[in-house]
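A.B. asks: Turn this into a structure:
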Amino acid sequence: MAPYTGLGHRLVRSGHEVTLVTHARFEPLVAGSGVRFHSLPVDPRAELESPRGRGLHRSASEAGKLLRLADLARRIVGRMTEDLITAGRDSEILLLSASLAPLGHAIAEGLRLPSMGVFLQPLAGTREFAPPVLGGGSWGPAVNRLAGHGVCLATEHIFTGALPGVRRRLGLPPVRAGAARRARERRRWPVHHGFSPLVVPRPRDWRPGLSVSGYWWPYDTEAQLPDRIREFLDTGPAPVFVGLGSATVPDAGRLSAQVVAALRRAGLRGVIQRGWGGLAAAGDDMLTVDEVPHALLFPHMAAVVHHAGAGTTAAGLRAGVPAVPVPVQFDAGFWSARLVALGVAPGVVPLRRLTADALASALVRATREPGYRERARVLGVRIRTEDGAAPVLAALERLGG
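C.D. replies: Presented below is the predicted three-dimensional model:
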């Protein structure tokens, strides 16, 4: 969610009025940015911590997790439609994330509003890699592309229960499943992707209208690190950041102990972010923190251990420090593989197979083999020169915003 705060702030600075429509839990992220906020009546953390949400951890495969997530999403999407329509009525253009694009596109059509996608992952099918939400990698060109189309159809299916009512309410005729997506494809509905082409080059077989714009950096309200963090940094060598962001974990206490053991075996200090997983650590060589802007914290780290979400991956690359990805689910496997391919991470330590020894070994390589830091430094310099918001702003002007 954080990248959208930066994109919104950039649009505000260019003279647009912007409203971020998402869950109330994220409202503090836009404080001071000039971006207005419209909350949705669903708490994603509560849903993930519910018995049904915790069932995601029982799935051994990405496909199994995706099916469970789709079932969870189908059950809650109807609770958000009223607020989405209300927010749409107060808008002139809709910028739609991938998670709500099928529903948002119908609302835009019914309200006669222009729209475009602003996605954080490359979701359109391609021969070049398998669907990121299934872990990425490659299953061969033909299977990669077929699987990509299958994931897009599965995403559309999430909204089959809510879309008929929305279309009736907005005076739109009913459509068969998949027809709306095919219509968007025929019309070359524009989608801007908020990641760097240095990290994921635009697939050569994508249709026109699908653009890789560059990263959208989160809006940060704090100008400097809190004193307690600054004091910790000043008392010893650069520590390692460990955080899993909005990912939940089955046993926070056990995982925290493994992380601390790994850091100490590698001879490293640690900054441990609680996150939604509830990680924590004690001792003079460990500091537990809550939310801290990654743009301020990461440049001071020897390495960053993270869940390989799109936003955190971007923040680590921007800071120019090595990474140890600990993918939890969905597109995390894709971003983890990209970090390894770029030479800024020594390997992947999936959460399901994490041990203190495995994490310590990866940390030793990331922090002591100079090639990882040098490649991360060079890539960070290049990424920081990109302006990912500029193409979105130009497209918005073309749409008449």
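
A.B. asks: how would you label residue 254: helix, strand or coil?
C.D. replies: helix (DSSP: H, G, I helix; E, B strand; the rest coil).

A.B. asks: For stretch 125-145, which outside residues touch it?
C.D. replies: Residues from elsewhere that reach stretch 125-145 (Cβ atoms under 8 Å, 6 or more residues apart in numbering): 62-63, 66, 121-123, 146-152, 203-206, 327, 330-331, 333-335, 337-338. For the C-beta atoms, the positions are set from N, CA and C on the backbone; glycine is no exception.

A.B. asks: cool, stretch 149-168 as well?
C.D. replies: The contact list for stretch 149-168, computed with Cβ under 8 Å, 6+ apart, reads 66, 70, 73-74, 77-78, 81, 85, 98, 101-103, 106-107, 110, 123-125, 131, 133-134, 173-175, 177-178, 180-181.

A.B. asks: And stretch 391-400, by the same measure?
C.D. replies: Contacts to stretch 391-400, defined as Cβ under 8 Å, 6+ apart, come from residues 7, 10-11, 14, 16, 92-93, 95, 114, 116, 118, 190, 192, 211, 213-214, 216.

A.B. asks: one step back: what about burial for the contacts of stretch 149-168, which qualify?
C.D. replies: Neighbour-count burial (16 or more other Cβ atoms under 10 Å) is assigned, among the contacts of stretch 149-168, to 66, 73, 77, 81, 85, 98, 101-103, 106-107, 110, 123-125, 131, 133-134, 180-181.

A.B. asks: Which stretches in the protein count as strands?
C.D. replies: 19-23, 36-40, 94-96, 115-119, 191-193, 210-212, 240-243, 270-273, 286-289, 303-306, 323-325 (DSSP state E).

A.B. asks: can you give me how far the last one is from the chain middle?
C.D. replies: Averaged C-alpha coordinates place strand 323-325 at 15 Å from its chain's average position (Cα atoms, centre = their mean, to the nearest Å).

A.B. asks: same deal with stretch 87-102?
C.D. replies: Chain-centre distance of stretch 87-102: 18 Å, with Cα atoms, centre = their mean.

A.B. asks: just checking, which of the contacts of stretch 125-145 belong to helices?
C.D. replies: If you go by DSSP state H, the contacts of stretch 125-145 have 62-63, 66, 146-152, 333-335, 337-338 in helices.

A.B. asks: Of those - the most surrounded one?
C.D. replies: Per-residue neighbour counts (other Cβ atoms under 10 Å) across those peak at residue 335, which has 29 neighbours.

A.B. asks: want to throw the strands of the chain into JSON lines with mean neighbour count?
C.D. replies: As requested, those are exported to JSON lines (neighbours: other Cβ atoms under 10 Å):
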{"stretch": "strand 19-23", "mean neighbour count": "20"}
{"stretch": "strand 36-40", "mean neighbour count": "18"}
{"stretch": "strand 94-96", "mean neighbour count": "22"}
{"stretch": "strand 115-119", "mean neighbour count": "22"}
{"stretch": "strand 191-193", "mean neighbour count": "25"}
{"stretch": "strand 210-212", "mean neighbour count": "20"}
{"stretch": "strand 240-243", "mean neighbour count": "26"}
{"stretch": "strand 270-273", "mean neighbour count": "24"}
{"stretch": "strand 286-289", "mean neighbour count": "18"}
{"stretch": "strand 303-306", "mean neighbour count": "29"}
{"stretch": "strand 323-325", "mean neighbour count": "30"}
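
A.B. asks: will you turn those strands into JSON lines that also has distance to residue 225?
C.D. replies: JSON lines is the format used below for the strands of the chain (distance: least, Cβ to Cβ, whole Å):
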{"stretch": "strand 19-23", "distance to residue 225": "25"}
{"stretch": "strand 36-40", "distance to residue 225": "26"}
{"stretch": "strand 94-96", "distance to residue 225": "32"}
{"stretch": "strand 115-119", "distance to residue 225": "30"}
{"stretch": "strand 191-193", "distance to residue 225": "31"}
{"stretch": "strand 210-212", "distance to residue 225": "32"}
{"stretch": "strand 240-243", "distance to residue 225": "12"}
{"stretch": "strand 270-273", "distance to residue 225": "10"}
{"stretch": "strand 286-289", "distance to residue 225": "10"}
{"stretch": "strand 303-306", "distance to residue 225": "15"}
{"stretch": "strand 323-325", "distance to residue 225": "20"}
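
A.B. asks: could you dump these to a markdown table with mean pLDDT and distance to residue 356?
C.D. replies: A markdown table is the format used below for those (pLDDT from 0 to 100; distance: least, Cβ to Cβ, whole Å):
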| stretch | mean pLDDT | distance to residue 356 |
| --- | --- | --- |
| strand 19-23 | 91 | 35 |
| strand 36-40 | 90 | 39 |
| strand 94-96 | 96 | 42 |
| strand 115-119 | 96 | 36 |
| strand 191-193 | 97 | 37 |
| strand 210-212 | 97 | 38 |
| strand 240-243 | 97 | 12 |
| strand 270-273 | 97 | 13 |
| strand 286-289 | 97 | 14 |
| strand 303-306 | 98 | 13 |
| strand 323-325 | 98 | 13 |
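
A.B. asks: So which of those strands is nearest residue 234?
C.D. replies: strand 286-289 (11.9 Å; Cβ to Cβ).

A.B. asks: Output that closest one as PDB, nothing but the C-alphas.
C.D. replies: Extracted as PDB, the C-alpha positions of strand 286-289 are listed here (Å, rounded to 0.1, in the frame of the first residue of the first chain):
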ATOM      1  CA  MET A 286      19.000  -6.300  19.300                       C
ATOM      2  CA  LEU A 287      16.500  -3.500  18.900                       C
ATOM      3  CA  THR A 288      12.800  -4.100  18.300                       C
ATOM      4  CA  VAL A 289      11.000  -1.400  16.400                       C
END
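
A.B. asks: Give me the sheet partners of that strand and which way each runs.
C.D. replies: According to DSSP bridges, strand 286-289 has the following sheet partners: strand 270-273 (parallel).

A.B. asks: got a list of contacts for the strand it pairs with?
C.D. replies: Residues outside strand 270-273 that contact it (Cβ under 8 Å, 6+ apart): 229, 232, 239-245, 256, 259-260, 263, 279-281, 285-292, 297, 301.
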